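Trainee: no sequence on this one, just coordinates:
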């Protein structure tokens, strides 16, 4: 096939998004979606993703929603006054009230679509789902208009002020109307046995209970100092009732066979089950109810020290939020550096072979024989005072050895395959073979190993900080543990100073580890064959 020529008789340049690249992009997208689906089906992957979503949200928005400012750090010394109480930002108060109606709109829309299942034994009440959609949309519209009117008008006692003062008792019951109607609609299925009918009616009762509980705040107005605790308790109990309701429906409807939804397009059918749908909706709504309760509690108690203050009179919770961003930045960028270096060394060593492979692997063995933590401590001690970039580079440049060994083993297997021999036979260069064949086939394992390396990097930074080798001028979970240890936090009664950052490190490392193991199970061909 001859190449296309332009008007000057020269080979025409191919467009950037030609047919071949579009097809590659499509295949890559399908592969990524397939991996994401398998992660969500993997128990370790689901737990890991759930944990990491929470901490990534804290890393992105934590410093913006922190009650106290910790940006005036100077040479690592924390000298924050504890008496500059701030008001809750409008965004926090707005999110605390609009989060549940927004999620209820999505859930009610999904339930309304699922109501058209073509099965005579499952006749969901579409009126309840439409009512849930309308109620949630109306509440979100009112709150959005009130928030925007306050932001742009700047009035202290405008429409938003009247809502939050005069109508506040009605807002909290109204926020759960959509969720209650959604779960109530799942209990309208007919033709179940008498034993399962009892479970269905129990689920219906639990679906109505949140509306009754939150209506108590219309009659009983708790004191201002106890309002946060009361609302937190109310939302948590409502979330538990909705969770029990969904599980009751799941138990009552677990028997029916798979049914199909409409519309049917070209004979394609979409299998849907009522039991998992009811359970999943209940879990989603219960989680959002609990998050809403926590948000309302934080807004009501914004000017208090929820975890106390340290010996420097700094707010522990604010430093915890600032430390989340720093620790995750250190872990991610250190892991990227270590993975890139390890992949380059492993690719070159495995593909070149011979003396080059022998020299690189013997040097790698020497580095592996030295404990990673000891090597970092020696380097940090030689450098002296370091900053955040220095910590990232030290962890990254000392953690590439395991990745290099793993990539080399994979390359040794790939380069002996037939398509590599055929590429050599048609005259492909070594760089072209590595770029087009070896690297794409090695990348999934490198990606899975990078996720695991993030966990080790975060733990390494925390360990260095705990031993006093902390970066200057920033807050990390490791530096919090270091200062808490120096001050004897447990002996002076400041337990949260150690417990809070310690738990954060444990959970974020657990999240990255579980996600890494799940990706390894999915992407590793040897594990996939088992």
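Mentor: Sure thing, it's come through. Everything numeric in this text was worked out from a predicted model, so none of it was measured. Numbers count the residues shown, from 1 in each chain.

Trainee: what stretches of the stretch 401-530 of the chain score poorly on pLDDT?
Mentor: Applying pLDDT under 70 to the stretch 401-530 of the chain flags residues 524-530.

Trainee: what segments of it are helices?
Mentor: Assigned by DSSP state H, counting those that start in this stretch, the helices in the stretch 401-530 of the chain fall at 401-414, 418-425, 430-433, 439-466, 477-487, 496-523, 525-528.

Trainee: with mean neighbour count and distance to residue 206 added, can I get those helices in a markdown table?
Mentor: In this view, the C-beta of every residue, glycine as well, is placed from N, C-alpha and C. Converted to a markdown table, those look like this (neighbours: other Cβ atoms under 10 Å; distance: least, Cβ to Cβ, whole Å):
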| stretch | mean neighbour count | distance to residue 206 |
| --- | --- | --- |
| helix 401-414 | 21 | 50 |
| helix 418-425 | 12 | 58 |
| helix 430-433 | 12 | 62 |
| helix 439-466 | 22 | 39 |
| helix 477-487 | 23 | 39 |
| helix 496-523 | 21 | 30 |
| helix 525-528 | 10 | 41 |
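
Trainee: possible to save those as CSV with distance to residue 242?
Mentor: CSV is the format used below for the helices of the stretch 401-530 of the chain (distance: least, Cβ to Cβ, whole Å):
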stretch, distance to residue 242
helix 401-414, 45
helix 418-425, 54
helix 430-433, 57
helix 439-466, 33
helix 477-487, 34
helix 496-523, 25
helix 525-528, 38
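
Trainee: flag the shaky bits of the protein, pLDDT-wise.
Mentor: Applying pLDDT under 70 to the chain flags the ranges 1-18, 69-97, 114-124, 147-169, 189-195, 224-225, 254-275, 300-304, 524-530.

Trainee: how is it partitioned into domains?
Mentor: Following automatic domain parsing, one gets these domains for the chain: 34-55+311-528, 90-300.

Trainee: next one: the longest one to chain centre, how far?
Mentor: This points to domain 34-55+311-528. 18 Å (Cα atoms, centre = their mean, to the nearest Å).

Trainee: about what we covered before: so which of the helices of the stretch 401-530 of the chain gets nearest residue 57?
Mentor: helix 496-523 (12.2 Å; Cβ to Cβ).

Trainee: downstream of the helix or strand encompassing residue 283, the next helix or strand is which one?
Mentor: Per DSSP states H and E: residue 283 is located in helix 274-300. The helix or strand immediately downstream of helix 274-300 is helix 316-352, counting by DSSP H and E.

Trainee: and the very next helix or strand once past that next one, which residues are buried?
Mentor: Following helix 316-352 in sequence order, the next helix or strand is helix 354-369 (DSSP H and E). Using 16 or more other Cβ atoms under 10 Å as the test for burial, helix 354-369 gives 357, 360-361, 364.

Trainee: do stretch 232-252 as well
Mentor: 232, 234-252.

Trainee: what do you get for stretch 135-144?
Mentor: Residues of stretch 135-144 classed as buried by neighbour count (16+ other Cβ under 10 Å): 135-137, 139-140, 142-143.

Trainee: in helices only, show me the residues you listed.
Mentor: Residues of the buried residues of stretch 135-144 located in helices (DSSP state H): 135-137, 139-140, 142-143.

Trainee: closest to residue 102 among those?
Mentor: Looking across those and measuring by Cβ to Cβ, the closest to residue 102 is residue 140, at 5.8 Å.

Trainee: show me the contacts for residue 285.
Mentor: Listed by Cβ atoms under 8 Å, 6 or more residues apart in numbering, the contact set of residue 285 reads 103-104, 107, 179, 182-183, 239, 242, 246.

Trainee: could those residues go into JSON lines alongside secondary structure?
Mentor: Below are these laid out as JSON lines (DSSP: H, G, I helix; E, B strand; the rest coil):
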{"residue": "103", "secondary structure": "helix"}
{"residue": "104", "secondary structure": "helix"}
{"residue": "107", "secondary structure": "helix"}
{"residue": "179", "secondary structure": "helix"}
{"residue": "182", "secondary structure": "helix"}
{"residue": "183", "secondary structure": "helix"}
{"residue": "239", "secondary structure": "helix"}
{"residue": "242", "secondary structure": "helix"}
{"residue": "246", "secondary structure": "helix"}
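
Trainee: related to what we said a few turns ago, output the domains of the chain as CSV; include the columns distance to residue 27.
Mentor: Shown next, in CSV, are those (distance: least, Cβ to Cβ, whole Å):
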stretch, distance to residue 27
domain 34-55+311-528, 10
domain 90-300, 21
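
Trainee: of all the ones you listed, which lies closest to residue 25?
Mentor: domain 34-55+311-528 (13.6 Å).

Trainee: residue 479 against residue 473, yeah?
Mentor: No - Residue 479 is beyond contact range of residue 473, at 10.2 Å (criterion: Cβ atoms under 8 Å).

Trainee: next, the angle helix 316-352 makes with the helix holding residue 283.
Mentor: Calculated by axes from the mean of the first three to the mean of the last three Cα atoms, to 10 degrees, helix 274-300 forms an angle of 130 degrees with helix 316-352.

Trainee: got the buried residues for helix 274-300?
Mentor: Neighbour-count burial for helix 274-300 flags 274-275, 277-279, 281-282, 284-286, 288-300 (criterion: 16+ other Cβ under 10 Å).

Trainee: one more: stretch 33-47?
Mentor: 35, 38-39, 42, 44-45.

Trainee: which residue is the nearest non-sequential neighbour of residue 235?
Mentor: residue 293 (2.8 Å; Cβ to Cβ, 6 or more residues apart in numbering).

Trainee: ok, now which ones touch the one you found?
Mentor: By Cβ under 8 Å, 6+ apart, the neighbours of residue 293 are 231-236, 239.

Trainee: turn those residues into CSV, columns for distance to residue 455 and secondary structure.
Mentor: Listed next are the contacts of residue 293 as CSV, based on distance: Cβ to Cβ, whole Å; DSSP: H, G, I helix; E, B strand; the rest coil:
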residue, distance to residue 455, secondary structure
231, 36, helix
232, 32, helix
233, 35, helix
234, 37, helix
235, 32, helix
236, 30, helix
239, 30, helix
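
Trainee: tell me which of these is nearest to residue 429?
Mentor: Closest approach to residue 429 among the contacts of residue 293 (Cβ to Cβ): residue 239, at 60.3 Å.

Trainee: give the contact list for that closest one.
Mentor: Counting by Cβ under 8 Å, 6+ apart, residue 239 has contacts 285-290, 293.

Trainee: next, give me the two most distant ones among these.
Mentor: 285 and 293 (12.6 Å).

Trainee: would you mind measuring from the closest residue in space to residue 55 that isn't next to it in sequence to residue 324?
Mentor: Using Cβ to Cβ, 6+ apart and skipping the chain neighbours, the partner closest in space to residue 55 is residue 508 (4.9 Å). To residue 324, residue 508 is 8 Å away according to Cβ to Cβ, to the nearest Å.

Trainee: any shared contact partners between these two?
Mentor: Joint contacts of residue 508 and residue 324 (Cβ under 8 Å, 6+ apart) are residue 55.

Trainee: can you tell me how far residue 404 is from residue 50?
Mentor: Counting by Cβ to Cβ, the gap from residue 404 to residue 50 is 32 Å.

Trainee: again, but for residue 39
Mentor: 11 Å.

Trainee: same check, this time on residue 329
Mentor: 21 Å.

Trainee: and for residue 134?
Mentor: Residue 134 is 31 Å from residue 50, by Cβ to Cβ.

Trainee: state the number of residues packed around the residue lying closest to residue 284 once chain neighbours are set aside.
Mentor: Of all residues not flanking residue 284 in the chain, residue 107 sits nearest, at 6.2 Å (Cβ to Cβ, 6+ apart). Neighbourhood size, residue 107 [other Cβ atoms under 10 Å]: 24.
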